[in-house]
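Enquirer: Sharing a model that was predicted from the sequence below.
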Amino acid sequence: MRSHALSYLLLATMGIGGGVAVGGTVVLNNGDHITGRITQLTPRRVVINTSYAGGVVIKLSSVQTLISKSGVKLTTANGKTSQVTLSAAPGHQGWITHRVISTPVKMIPANLPPLPLVKAVPPPPAPVSIFGPDWDNELDLGGTNTTGNSGSTMINGLLQFHYKHKPDNLLIALTGGYGVTNGSQSLGFFSSNVLWKRELNGFKPKWAKRVFLFLQNTNSYDAIQGISIRSNSEGGLGYYLWDNKKSEFDLRAGPGYTYERYFHGQNYTYVNGIAALHFRYQIAKHVKFTQTAGYVSSLENAYNYQLNATSALYLGLPHIVRGMGLRFSFTDLYDNAAGTQDLKRNSTLLIAALTFKF
């Protein structure tokens, strides 16, 4: 027994000095104690990793009891494996296994390159419009005043509501202007425009998904041309040549109806046809160019038609005031029937205005 005690003391001392965690003990039938980390247990043998002899394989028939606080790989006679801890049975005759329930951990290979640093992505900016992200509304105000050899005053404005949420697109615009030059009215107009477009996404061919239905109504008053009211209502089909965040281009055409009344009392009604286009291009983050053009003609009298085109350049100034910008627009209106009223057929309007998005 003295030799057993000495061997136990020697083994324990060597175990403490080594780098192997001492969490297990194998007690042999002859009373010897071997300490280290028990790694495997099978129906025939037990493996314990020691600091002085490495892995030691011991026949299970030579073992009296086993103790292990750390997990041991247990292999049963039918080949199933599990992780267990071991404690001595009463009287140190045999041992008791306790199953260890572990959470699987996905190991990352050591040779993987380091993960790139992920920059914090700031939240998207709040929409400019108080109506929500699907709205792009604005108010334009412009004016000029001159004195001296020629005195003139001109004011103009635009109030526009634009809703775009696929498949719907709704535009409501009110424009007007008034001007006096040398005491005589030189400008006086007001117009409203309502345009609704709805994409027909039910078509299966990819190209057909760009087709849209449209309805439009425009009303105008022009004191210089003597138009008390001109109302056009049209509807038909259109086609998006392309439509993305950078640019947009669509064409549309269809039949309609026109009602006109002049200051001298005459009024006209006729069935018309319309063809129009719309183009938008985002030149830079705060710079946008738009172009609209339309052709309206009486289907009863080809001599009675109008052509109109508006080019506009928008320059955002968010560094000054959020939602503020400048708009420069040029409108050219050709009314072929104006010649019968002793008026010029072609008129143009150049406007520079301060804009506010809301």
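Expert: Structure received. Numbers count the residues shown, from 1 in each chain.
Enquirer: Would you mark the buried spots in stretch 221-230?
Expert: Using 16 or more other C-beta atoms under 10 Å as the test for burial, stretch 221-230 gives 222, 225, 227-228, 230. In this view, the C-beta of every residue, glycine as well, is placed from N, C-alpha and C.
Enquirer: What of stretch 34-43?
Expert: Neighbour counts using 16+ other C-beta under 10 Å place 34-41 of stretch 34-43 among the buried residues.
Enquirer: and which of the buried residues of stretch 221-230 is nearest to residue 73?
Expert: In terms of C-beta to C-beta, no member of the buried residues of stretch 221-230 lies closer to residue 73 than residue 230, at 91.7 Å.
Enquirer: Tell me which strands the strand or helix carrying that closest one pairs with, and in which orientation.
Expert: Residue 230 belongs to strand 227-243 when assigned by DSSP states H and E. When sheet partners are counted by DSSP bridges, strand 227-243 sits next to strand 211-222 (antiparallel), strand 247-262 (antiparallel).
Enquirer: Let's have these in a markdown table, adding mean pLDDT and distance to residue 323.
Expert: Output for the strands paired with strand 227-243, formatted as a markdown table (pLDDT from 0 to 100; distance: least, C-beta to C-beta, whole Å):
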| stretch | mean pLDDT | distance to residue 323 |
| --- | --- | --- |
| strand 211-222 | 96 | 27 |
| strand 247-262 | 95 | 21 |
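Enquirer: can you tell which of those strands is closest to residue 193?
Expert: Closest approach to residue 193 among the strands paired with strand 227-243 (C-beta to C-beta): strand 211-222, 4.9 Å.
Enquirer: contacts for that closest one?
Expert: Applying C-beta atoms under 8 Å, 6 or more residues apart in numbering, the contact partners of strand 211-222 are 167, 169, 188-200, 203, 227-240, 250, 252, 254, 256, 274.
Enquirer: related to what we said a few turns ago, between the strands paired with strand 227-243, which one is closest to residue 89.
Expert: With C-beta to C-beta, the closest approach to residue 89 among these belongs to strand 247-262: 82.0 Å.
Enquirer: about what we covered before: would you mark the buried spots in the strand holding residue 230?
Expert: Those would be 227-228, 230, 232-236, 238, 240, 243, for strand 227-243 by 16+ other C-beta under 10 Å.
Enquirer: Now for those: which two are most distant?
Expert: Among the buried residues of strand 227-243, 228 and 243 lie farthest apart (C-beta to C-beta), at 37.8 Å.
Enquirer: I'd like to know how far residue 175 sits from residue 220.
Expert: 9 Å (C-beta to C-beta, to the nearest Å).
Enquirer: between those two, what contacts are shared?
Expert: When contacts are counted by C-beta under 8 Å, 6+ apart, residue 175 and residue 220 have 189-192 as shared neighbours.
Enquirer: Low-confidence regions, this structure specifically.
Expert: 1-22, 102-110, 112, 115, 117-128, 202-204, 339-341 (pLDDT under 70).
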